[in-house]
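**Student:** From the sequence below, what's the structure:
(one chain, ligands or ions: 1)
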Amino acid sequence: MKIARIGPAGQEIPVLVGNDGRIRDLRAVVGDISSQALGDGVLALVRELDVNSLPVIAAQDVRFGPPVADVGKIICVGLNYTDHAAEVGLDLPTEPTIFMKGCRPTGANDPVRLPRGAEKGDWEVELGIVIGKSGMYVEEAQAIEHVAGYCLFNDLTERSYQMERGGQWTKGKSFPGFAPMGPWLVTTDEIEDPENLSIWLEVNGHRHQDGTTANLVFGVAKIVSYLSQFYALEPGDLIVTGTPAGVGLGHKPPVFLKAGDVVHLGIDGLGEQRQNILAWEG
Ligand code: MN
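**Tutor:** Numbers count the residues shown, from 1 in each chain. Purely as a prediction, here's the structure:
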């Protein structure tokens, strides 16, 4: 099941995207896809519906907002692909490397503005995990029960802020617009094996990242269980699981984003994103 929110920013409505590509209105079922609705079991409710009874929205040029209205924490796993750790010259972690992202999620195809004077904007295609049920000290065997679904995510980064300005990675990860999420939240029943999905990213038509989630160092259940030792996981929280090789920083010499670039990314079954990169204004 693919759940989404469409419409102008701040005015999105909840929809179901059918396997036939049709977009169906969920407003009669739920006001919005919020953390509260996820916690209250809205996905189980929608699953029980006769899809054909839902009104079809015949809109063109639909904007997909973030598939959850009020994402809580964005917890990020770093260096979680064997090939990516190697390209940036860092040792594989023995425990997951964790950092936070401090900006609000944006829509899958919303334009991205680089920070003022930015010279080291970079891309990271990632598998996102949306939490649907609260938990602490979650066992790996039960971890997936806490997952509402998966989504595509671009962990955009200003490398100079991340690596040259002191302090923590979060500084380079939190600029407004650096968190495109979606287009859909895809429920766990539809993704047979989240650790066997192709994951890719192109800039201006050139494929830079061409990986598989089979190369995750720490897999989905392990990450959810691990994080629940340190955080109270809550419905609407988003965990992004790291990126495969092929980021701009990993190139020799490095390649970074500039205004006018177009970033296109996708994961099997989770859809695609396309972002126009713009300069900061003002
Ligand atoms: Mn990342």
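
**Student:** Contact residues of the protein facing the ion?
**Tutor:** Neighbours of the ion within the chain, by CB under 5 Å from the ion: 124, 155, 243. Every C-beta, even on glycine, is put in place using the N, C-alpha and C of the backbone.

**Student:** Take these and lay them out in a markdown table including pLDDT, secondary structure and neighbour count.
**Tutor:** A markdown table is the format used below for those (pLDDT from 0 to 100; DSSP: H, G, I helix; E, B strand; the rest coil; neighbours: other CB atoms under 10 Å):
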| residue | pLDDT | secondary structure | neighbour count |
| --- | --- | --- | --- |
| Glu124 | 98 | coil | 25 |
| Asp155 | 98 | coil | 25 |
| Thr243 | 97 | coil | 30 |
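
**Student:** ok, those residues vs Gly10, which is closest?
**Tutor:** Comparing the residues of the chain next to the ion against Gly10 with CB to CB places Asp155 closest, at 23.2 Å.

**Student:** Quick one: residues contacting the closest one.
**Tutor:** With contacts defined as CB atoms under 8 Å, 6 or more residues apart in numbering, Asp155 is in contact with 76, 101, 124, 126, 173, 178-179, 240, 243.

**Student:** Let me know the distance separating the residue lying closest to it once chain neighbours are set aside from Leu16.
**Tutor:** Counting by CB to CB, 6 or more residues apart in numbering, Glu124 is the residue found nearest to Asp155 once chain neighbours are left out, at 3.9 Å. Going from Glu124 to Leu16 by CB to CB, to the nearest Å gives 29 Å.

**Student:** again, but for Glu272
**Tutor:** From Glu272 to Leu16 the distance is 19 Å (CB to CB).

**Student:** do Gly78 as well
**Tutor:** 34 Å.

**Student:** and if you look at Arg63?
**Tutor:** Note on Arg63: its distance to Leu16, by CB to CB, is 17 Å.

**Student:** quick one, which of these two is more surrounded?
**Tutor:** Leu16 (20 against 17; other CB atoms under 10 Å).

**Student:** For that one, pull up the helix or strand it's in.
**Tutor:** Using DSSP states H and E, the element containing Leu16 is strand 13-17.

**Student:** What residues of whichever helix or strand comes after that strand count as buried?
**Tutor:** Downstream of strand 13-17, the first helix or strand assigned by DSSP H and E is strand 23-25. If you call a residue buried by 16 or more other CB atoms under 10 Å, then strand 23-25 has these buried ones: 23-24.

**Student:** Check which helices and strands strand 23-25 sits against.
**Tutor:** Strand 23-25 sits against strand 13-17, with contacts defined as 3 or more CB pairs under 8 Å, 6 or more residues apart in numbering; DSSP states H and E.

**Student:** Tell me which strands the strand it packs on pairs with, and in which orientation.
**Tutor:** strand 2-6 (antiparallel), strand 23-25 (antiparallel) (DSSP bridges).

**Student:** would you list those strands in a markdown table and tack on distance to Pro55 and mean pLDDT?
**Tutor:** Formatted as a markdown table, the strands paired with strand 13-17 follow (distance: least, CB to CB, whole Å; pLDDT from 0 to 100):
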| stretch | distance to Pro55 | mean pLDDT |
| --- | --- | --- |
| strand 2-6 | 13 | 98 |
| strand 23-25 | 5 | 97 |
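
**Student:** To Ser228, which of the ones you listed lies closest?
**Tutor:** strand 2-6 (23.6 Å).

**Student:** Any chance you could list what contacts that closest one?
**Tutor:** Strand 2-6 has contacts (CB under 8 Å, 6+ apart) with 12-18, 23, 26, 32-33, 43, 46, 57, 59, 62-69, 149, 182-187, 190, 271.

**Student:** want to throw the strands paired with strand 13-17 into TSV with distance to Arg165?
**Tutor:** TSV is the format used below for the strands paired with strand 13-17 (distance: least, CB to CB, whole Å):
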stretch	distance to Arg165
strand 2-6	34
strand 23-25	42
